[in-house]
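>>> need a 3D model of the following:
(chains A, B, C and D)
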Number of protein chains: 2
Amino acid sequence: MTASMSEAIEPIRTAVVDEDGIDFALIELFFFAYRDFTSDPDEILADYGFGRAHHRVLHFVNRRPGLTVAELLDVLKITKQSLARVLKQLIDTGHIVQVQGPRDRRQRELYPTAKGRALALDLARPQSRRIAQALQDSGQGFDVSERACVERFLKAMVNPELRAQIDILPHESR
Amino acid sequence: MTASMSEAIEPIRTAVVDEDGIDFALIELFFFAYRDFTSDPDEILADYGFGRAHHRVLHFVNRRPGLTVAELLDVLKITKQSLARVLKQLIDTGHIVQVQGPRDRRQRELYPTAKGRALALDLARPQSRRIAQALQDSGQGFDVSERACVERFLKAMVNPELRAQIDILPHESR
DNA sequence: GAATTACGTCAATAGTGCTGACATAATTTG
DNA sequence: CAAATTATGTCAGCACTATTGACGTAATTC
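The predicted structure follows:
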């Protein structure tokens, strides 16, 4: 764990620049943007003793009511054990209910309750406000649809094999 | 922690839709995009026994060589204690060196070593590739600069009071 | 000289992720 | 029908990143 040898290791005093296809500017903008984007719901969640994991579960159960546990794991790309804790808490607090699968009785379909729906909307509100404001602030005014541009870009950033999953989720226009 | 009362809580069977200014579509796209975006460097970091916190520190020390500890804390918005561990590891492994501040000897200026610069570039490479590919895939071809649009949007998503900090960082065009 | 600042460190805690193992019930397969 | 597989739940233990609060030291400022 120690720096090899005893000679002084030379500090590099020049900043890295965006060269050779290295895009530090967008990399760090993405970091800052996502951090502030998630900070909005974080404050609300804290009041419930919940964290981001709860938010994500609540979000997707609201977006796809009747999801099974396996499907949810596949969307979130986490393990059963990681999901178990947060899902149990959301069920115990009456935000989500489990319903035995109609065809396959081993499955548990997950549905939001009115309480769970309300919380999901409360969490989405400040994030939506931030997005709307950002689109408005950054829009060029003209014909160019900032929203369409951003939506295309974000989707293209997702691993190709996962894009099919996204298309399952409800969307307004398209 | 238990759902109040004994009556069955009704599951809501309809999916939430994007209405009343709620933008679920972009919210979840942002989640998916950021998750995959960070998965690239995560694999490399694992080889070093490092995590995302190490990546962030290494990134900003490379972007602003000579940063003091206090400045780094201000950029990352974490506590001294959270930084301490990861910074110590990066110093012990010879990725970052501390130099006593020239004016104020209490300060420790942080600089990357050649090793630290190399790792920062290795981590930025797959992320930059993903961004470039996404911009290309999503670009409309025409005159519209997808990159400019995305950069404006991401910057507008950041809390206004923090945007000044971003402008300090080196950038190519602008 | 006293207060403040910059930094380091210690102890304790929380949230979220992981692996591996095991149990149960239901469905599918041979 | 018996056996294998699948869907889910649960237990134990671990890792990483973050938190708060407290304390110490050295350097600077007032």
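>>> make it CA atoms for all contacts and neighbour counts henceforth
Fine.
>>> spatially central residue (nearest the centroid) of chain A, please.
Geometric centre of chain A, nearest residue: residue A:56, 6.4 Å, by C-alpha atoms, centre = their mean.
>>> now stretch A:72-92: buried residues?
A:72-73, A:75-76, A:83, A:86-87, A:89-91 (16 or more other C-alpha atoms under 10 Å in any protein chain shown).
>>> of the residues you listed, which is the nearest to residue B:164?
Taking C-alpha to C-alpha as the measure, residue B:164 sits nearest to residue A:76 out of the buried residues of stretch A:72-92, at 34.3 Å.
>>> give me the pLDDT value at that closest one.
Looking at residue A:76, its pLDDT is 96.
>>> please name the residues that touch it.
Applying C-alpha atoms under 8 Å, 6 or more residues apart in numbering or on different chains, we find residue A:76 in contact with residue A:56.
>>> whether the helix or strand hosting residue A:154 contacts chain B - can you check?
For residue A:154, the host element (DSSP states H and E) is helix A:146-157. Yes: using C-alpha under 8 Å from any C-alpha of the partner chain, we find that helix A:146-157 touches chain B at A:146, A:149-157.
>>> stretch A:106-115 now?
Yes: using C-alpha under 8 Å from any C-alpha, stretch A:106-115 reaches chain B at A:111-114.
>>> what about that stretch, near DNA strand C?
Yes: interface with DNA strand C: stretch A:106-115 contributes residue A:106 (C-alpha under 7 Å from any atom of the strand).
>>> residues from chain A in reach of DNA strand C?
A:49-54, A:77-83, A:86, A:103-106.
>>> assign residue A:11 to helix, strand or coil.
Per DSSP: H, G, I helix; E, B strand; the rest coil, the local secondary structure of residue A:11 is coil.
>>> quick check, nearest of the residues of stretch A:106-115 next to chain B to residue A:161?
For the residues of stretch A:106-115 next to chain B, the nearest to residue A:161 is residue A:111 (26.3 Å; C-alpha to C-alpha).
>>> what about that closest one, how many neighbours?
30 (other C-alpha atoms under 10 Å in any protein chain shown).
>>> contacting residues around it?
A:61-62, A:65-67, A:96-99, B:11-13.
>>> among these, who's most crowded?
Compared across the contacts of residue A:111, residue A:96 has the highest neighbour count, 30 neighbours, by other C-alpha under 10 Å.
>>> is that residue bridged to anything, and to what?
residue A:112 (DSSP bridges).
>>> return the subset of the buried residues of stretch A:72-92 lying in helices.
Using DSSP state H, the members of the buried residues of stretch A:72-92 that fall in helices are A:72-73, A:75-76, A:83, A:86-87, A:89-91.
>>> ok, those residues vs residue B:124, which is closest?
Closest to residue B:124, out of all of those and judged by C-alpha to C-alpha, is residue A:76, at 24.6 Å.
>>> how about residues contacting the lowest-mean-pLDDT helix or strand in chain A?
Across the helices and strands of chain A, mean confidence by mean pLDDT, DSSP states H and E is lowest for helix A:163-168: a mean of 85. Surrounding helix A:163-168, the residues in contact under the criterion C-alpha under 8 Å, 6+ apart are A:75, A:155, B:29.
>>> what helix or strand is the spatially closest residue to the second one that is not a sequence neighbour on?
Spelled out, it's residue A:155. Once flanking residues are discounted, residue A:155 sits nearest to residue B:29: 6.3 Å by C-alpha to C-alpha, 6 or more residues apart in numbering or on different chains. Element membership of residue B:29, judged by DSSP H and E, is helix B:24-48.
>>> would you mark the buried spots in that helix?
So helix B:24-48, judged by 16+ other C-alpha under 10 Å, has buried residues B:24-38, B:40-42, B:44-45.
>>> among the residues of stretch A:106-115 next to chain B, which one lies nearest to DNA strand D?
Nearest to DNA strand D among the residues of stretch A:106-115 next to chain B, counting by C-alpha to the nearest atom of the strand, is residue A:111 at 12.1 Å.
>>> how far away is that closest one from residue B:30?
Between residue A:111 and residue B:30 the computed distance is 23 Å (C-alpha to C-alpha, to the nearest Å).
>>> same thing with residue A:129?
14 Å.
>>> and for residue A:101?
Taking C-alpha to C-alpha, one finds residue A:101 at 31 Å from residue B:30.
>>> right, I'll call it a day here.
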